[in-house]
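*Asks:* using only what follows, build the 3D model:
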Amino acid sequence: MLAWQNGRRAAFRDRAEAGRELAGRLATHAADDPIVLALPRGGVAVGYEVAIGVDAPLDVVVARKLGAPQQPELAIGAIAPGGIVIVDETTARYLNVSERALDEMVRREMIEMERRIRLYRGSRPAPDMRGRTVIVVDDGLATGLTARAAVASVRRQGPSSVMLAVPVCARETAMGLRALVDNTVCLMIPPDFQAVGLWYEDFSQLTDDEVVALLESARSRNQRDGDQG
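*Replies:* Model (predicted):
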């Protein structure tokens, strides 16, 4: 039985269940030879199930949120590989975030982004996305800034199409992101969204080790399937 969160029933037991439900909606895209790119950390647990469901390889797109100086959970921007930097200028001005402070945030998060890319991917090259359908997956979207940065980064790699797939998303964010991708799949767009974690019974933070283990498991599965084919 699902738990109740702040007076409401959680929609998903955990990220794995959300990923399986999302995969069911995406099953018709398996013939498009897709590749699944998940946003770490939480998105990898969802993306793992999606990759199994659509019989696709799994990798990561390591976009990083730029948190407000005094409110780090509040996103004022995001970065992604390829020099992508997106800033919510209205929020940054409202919070009086200086250009110098913003530059320092970008510098700091780029260092962390590169660390995570090396940790998650090791010596393997980034996947070749040219001419392929790319499914960008996260565990949910509030402001959508990291997803926006991730999609911009993926677009630069020359895919034939980009799809954004998430279990739950804020309404305004969903509307804004539709113009940036070829297709969106979102299981829930609740009018009283508030926060991603409220829609999960278990929204525990994944560790880097858990992310690496999921990616390694996905690679091993793809290798076995390739050998059998």
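
*Asks:* report the distance from the top strand by length along the chain to the chain centre.
*Replies:* The strand that spans the most residues within the chain, counting by DSSP state E, is strand 71-80. In this view, strand 71-80 has its centroid 14 Å away from the chain centroid, taken as C-alpha atoms, centre = their mean, to the nearest Å.

*Asks:* and that strand, what does it pack against?
*Replies:* With contacts taken as 3 or more C-beta pairs under 8 Å, 6 or more residues apart in numbering; DSSP states H and E, strand 71-80 sits against strand 64-68, strand 84-87, helix 89-94, helix 99-121, helix 145-155. For every residue, glycine as well, the C-beta is placed using N, CA and C.

*Asks:* can you list contacts of the first one?
*Replies:* For strand 64-68, the surrounding residues in contact (C-beta atoms under 8 Å, 6 or more residues apart in numbering) are 73-80, 87, 91, 95, 97, 102, 105-106, 109-110, 112-113, 145-146, 149.

*Asks:* pLDDT of it, averaged?
*Replies:* The average pLDDT within strand 64-68 is 94.

*Asks:* so what strands line up beside that strand?
*Replies:* With DSSP bridges as the test, strand 64-68 is paired with strand 71-80 (antiparallel).

*Asks:* export the partner strand as CSV, just CAs?
*Replies:* Output of strand 71-80 as CSV, limited to C-alpha atoms (Å, rounded to 0.1, in the frame of the first residue of the first chain):
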residue,chain,number,x,y,z
GLN,A,71,18.8,29.0,-0.9
PRO,A,72,20.7,26.2,-2.7
GLU,A,73,17.6,24.2,-3.3
LEU,A,74,16.2,27.0,-5.4
ALA,A,75,17.4,26.7,-9.0
ILE,A,76,18.4,29.9,-10.7
GLY,A,77,20.0,28.2,-13.6
ALA,A,78,21.8,25.0,-14.8
ILE,A,79,24.8,23.8,-16.8
ALA,A,80,25.4,20.8,-19.0
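
*Asks:* tell me the first helix or strand C-terminal of whichever helix or strand M175 is part of.
*Replies:* If you go by DSSP states H and E, M175 is part of helix 171-177. Following helix 171-177 in sequence order, the next helix or strand is strand 183-188 (DSSP H and E).

*Asks:* now the angle from the very next helix or strand once past that following strand to helix 99-121?
*Replies:* Beyond strand 183-188 on the C-terminal side, the first helix or strand identified by DSSP H and E is helix 208-228. Taking axes from the mean of the first three to the mean of the last three C-alpha atoms, to 10 degrees, one finds that helix 208-228 is oriented at 50 degrees with respect to helix 99-121.

*Asks:* what's the end-to-end length of stretch 178-193?
*Replies:* Terminal residues of stretch 178-193 lie 18 Å apart, using C-alpha to C-alpha, to the nearest Å.

*Asks:* so M188 is in contact with A170, correct?
*Replies:* No - the criterion here is C-beta atoms under 8 Å, and M188 misses it with A170 at 10.3 Å.
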